[in-house]
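*Asks:* from the sequence below, what's the structure:
(chains A and B)
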Amino acid sequence: MNADRVTGSSGLVLAVVLYWLGSSASNPDAFLFPRLISIGMGLLSIAILVSTERRTTGTSHPALPSFSWITVIPVLLGFFAYPWAMETMGFYLTAFAVFLFIVSLYAPDPYSPKAIAKRVAVSAAFISVIYAIFALLLRVQTPQGILI
Amino acid sequence: MQASSAVEFIQYLPEVITPWRLTVLTFGTIGGLLLGAAPGISPTLAVALLIPFTFQMEPAAALILLGAAYSGTVAGGAVSAILLNIPGAPANIATTLDGHPLATRGRAAEALHYCFLSSFVGGLTGVLVLVFFTPPLAQFALRFGPSHLFWVAILGVTVIGSLGSDSVFKGLLAGAVGLWLATIGYDPVLGEERFVYSEHLVGGINIIAALVGLFAIPQVLTMLETSRNADGLDTYGLEPHRLLHSVKVTISRWRSLAIGSVVGTFIGLIPGAGGQIAGLVAYDQARKLSHNRERFGQGEPEGVIAAESANNAMVGPSLVPLLTLGVPGSPTAAVLLGGLLIHGLFPGTALFTLHAQVTWTFIGSLLLGQVLILAFGLYVSRHSRFVMRVPKHYIAAAVTVLAVFGAYSVQNSASDVIVMLSLGTAMYFAAKFGISAAPIVLGMILGPIAETNYVQGKLIAEVGEGMTTYFLTGPLNIILIGLCVMSFGYSLFSELRGNRSSSVAA
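*Replies:* Numbers count the residues shown, from 1 in each chain, chains lettered A, B, ... in the order given. Reported below is the predicted structural model:
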């Protein structure tokens, strides 16, 4: 299995599912355009699969990509807590927490009181600037939550 | 008509050069550049945010502020496109393709020079077109009916294949995914819900939220993947670059400059097409006609020049249908229309007769604004090294906060934030398989244009000349279909030639 085969196969599955959803809808007329798109998507997926197979043996196939799950998972969890937290805690407080979380977790230098103080100060300064521009100057509405 | 336009333009130009109006113009330009450089703050959003500030202003100053913000954000969007690989606005998508590779080679200042010099030429061309050719071009724009706009959208689809992805088929597949994403929500004609399997998708996917998610989030995750390596600083080298050399290079790439300016001007005139298409179409055409086409996508200055001259050339002409017909040429022009109406200015001939002073002062400010954008833009270029020296984890944290803010503030909706983060995460994984974000976003932009005009054209054709005659005949249809065939054929030919070369090499 190489990357192109995964791409082509995934595209084909998506195309079939979309066509099926469009055809089985209560009002198929509303799904005419999506069905046309799914047909195009299916043909392109087949083209990817065929061109992958037709490549001469010996030509390097793109290998399956590797993912740094341990690095990515904490920030993904942070991402999906963000919308919930901003409505509960308030937009700017959540922004401060997320900023501090990212700069602390992904910093290359080791933890030390000085490093922690620097990260807190930079996070507070960044969010203060954002608050001054968007909340005070431009008066953009954001979720209030329990704080700001 | 053109001569009288020029006379009126020159007559009212001194009206811009009053201390108050110059202050407003400078504030609008700098503010626009800064807002444009922030990922997620699109020109449309920036102009919308500034409208409340104009309530107490006299109409001319109000329009100067909004016009300067419009031009400034389009130009400023290139800063984050080049330095961070995150387009500040949809119009800057094409700029990432060669601008960021230049930055990663330590040529960020040089890329920004090309960007602002070509923005200046494109912007100047666009404003001069606005001044001299408003009446005839308004007539030309009127000729575009649903069938023509449908073919314009299809032309955009054919361009998709060659944008960033490592194969034409993958690019087109990504574009098709974008077209499908655009159908989520309500059907534009029957009002039927489509693919709404979550409450967050009821209103469809907002294009700004999608743009921010698809570009910013994968970039954040990629930066964090490597942030703990070495000293955490970005590994880009930082070579100083002489402005004079950049000027010479920009002038020597006159062909890309001309393609960008002409394509941007014409696409700006077409109501609804918008700058996002202008940059991409100009980039694609510049590459096809370039002697260095194999270097496009790897940091070719011509790519930056074509894209930036096009999206800035679009600004002036996008105001032509707005000022003459009340039909906005871009989403930002639509917001600007709101600014006009708030001040009691209604588009049409009255704007150039009853309110000639306000209108021509506004147009004059757009011209002076181009000079200010060039000056401030080049100043920003000198200090790009500060952005490049910021550790990756700080940039990632800042981009995350700005991305959430950008997505939320479009409609004050947490659903947009959830959609943005979901699309961005999916894009991070898709990018590992050679799928690029640019075709998906372009598909999302073109989808509604293609579908709406196809349905409208179908309704017109059914009561008149029939589908075949309506969509496939007429000089404009034939020219656009010819361009579609040529664009797709060339992409396919390039793909097959590339495959053959790699087979021979193996």
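*Asks:* could you use CA atoms for every contact and neighbour count after this?
*Replies:* Will do.
*Asks:* tell me who's in contact with A:Ala95.
*Replies:* A:86, A:127, B:401 (Cα atoms under 8 Å, 6 or more residues apart in numbering or on different chains).
*Asks:* and with 6 Å instead?
*Replies:* Taking Cα atoms under 6 Å, 6 or more residues apart in numbering or on different chains, we find A:Ala95 in contact with B:Val401.
*Asks:* now do the SS call for it.
*Replies:* Following DSSP: H, G, I helix; E, B strand; the rest coil, we place A:Ala95 in the helix state.
*Asks:* report the separation between it and A:Val120.
*Replies:* Separation of A:Ala95 from A:Val120 (Cα to Cα, to the nearest Å): 12 Å.
*Asks:* who in chain A is up against chain B?
*Replies:* Residues of chain A found near chain B (Cα under 6 Å from any Cα of the partner chain) are A:3, A:41, A:44, A:59, A:65, A:71, A:95, A:99, A:102-103, A:106, A:108.
*Asks:* now rank the residues you listed by neighbours and give me the top one.
*Replies:* A:Met41 (30 neighbours; other Cα atoms under 10 Å in any protein chain shown).
*Asks:* quick check: which element contains that residue?
*Replies:* helix A:32-54 (DSSP states H and E).
*Asks:* now, the residues of chain A next to chain B that are in helices?
*Replies:* A:3, A:41, A:44, A:71, A:95, A:99, A:102-103 (DSSP state H).
*Asks:* can you add pLDDT and distance to B:Gln285 and give these back as CSV?
*Replies:* Listed next are these as CSV, based on pLDDT from 0 to 100; distance: Cα to Cα, whole Å:
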residue, pLDDT, distance to B:Gln285
A:Ala3, 83, 30
A:Met41, 95, 25
A:Leu44, 92, 23
A:Thr71, 83, 40
A:Ala95, 94, 42
A:Phe99, 95, 41
A:Ile102, 93, 41
A:Val103, 92, 42
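*Asks:* host element of residue 6?
*Replies:* If you meant another chain, say so; for now it's chain A. helix A:3-23.
*Asks:* wait, chain B
*Replies:* Here B:Ala6 is assigned to helix B:2-12, by DSSP H and E.
*Asks:* in terms of secondary structure, what does that helix contact?
*Replies:* Packing partners of helix B:2-12 (3 or more Cα pairs under 6 Å, 6 or more residues apart in numbering or on different chains; DSSP states H and E): helix B:356-382.
*Asks:* now do the helix it packs on: which elements does it pack against?
*Replies:* When contacts are defined as 3+ Cα pairs under 6 Å, 6+ apart, helix B:356-382 packs onto helix B:2-12, helix B:59-84, helix B:108-132.
*Asks:* run the chain-centre distance for the last one.
*Replies:* Think helix B:108-132. 13 Å (Cα atoms, centre = their mean, to the nearest Å).
*Asks:* contacts for that helix, please.
*Replies:* B:2, B:5, B:99, B:241, B:261, B:265, B:305, B:308-309, B:312-313, B:316-317, B:370, B:374, B:377, B:381.
*Asks:* check which residues of stretch A:3-11 are buried.
*Replies:* Residues of stretch A:3-11 classed as buried: A:3-5, A:7-9, A:11 (neighbour count, 16 or more other Cα atoms under 10 Å in any protein chain shown).
*Asks:* those: which two are farthest apart?
*Replies:* A:Ala3 and A:Gly11 (12.3 Å; Cα to Cα).
*Asks:* one step back: winner for burial among the helices and strands packed on helix B:356-382?
*Replies:* Most buried of these by mean neighbour count (mean count of other Cα atoms under 10 Å in any protein chain shown) is helix B:59-84; its value is a mean of 29.
*Asks:* before we move on, which element is B:Thr469 in?
*Replies:* Short version, using DSSP H and E: B:Thr469 is in helix B:467-472.
*Asks:* now for that helix, which elements pack on it?
*Replies:* Here helix B:467-472 touches no other helix or strand, going by 3+ Cα pairs under 6 Å, 6+ apart.
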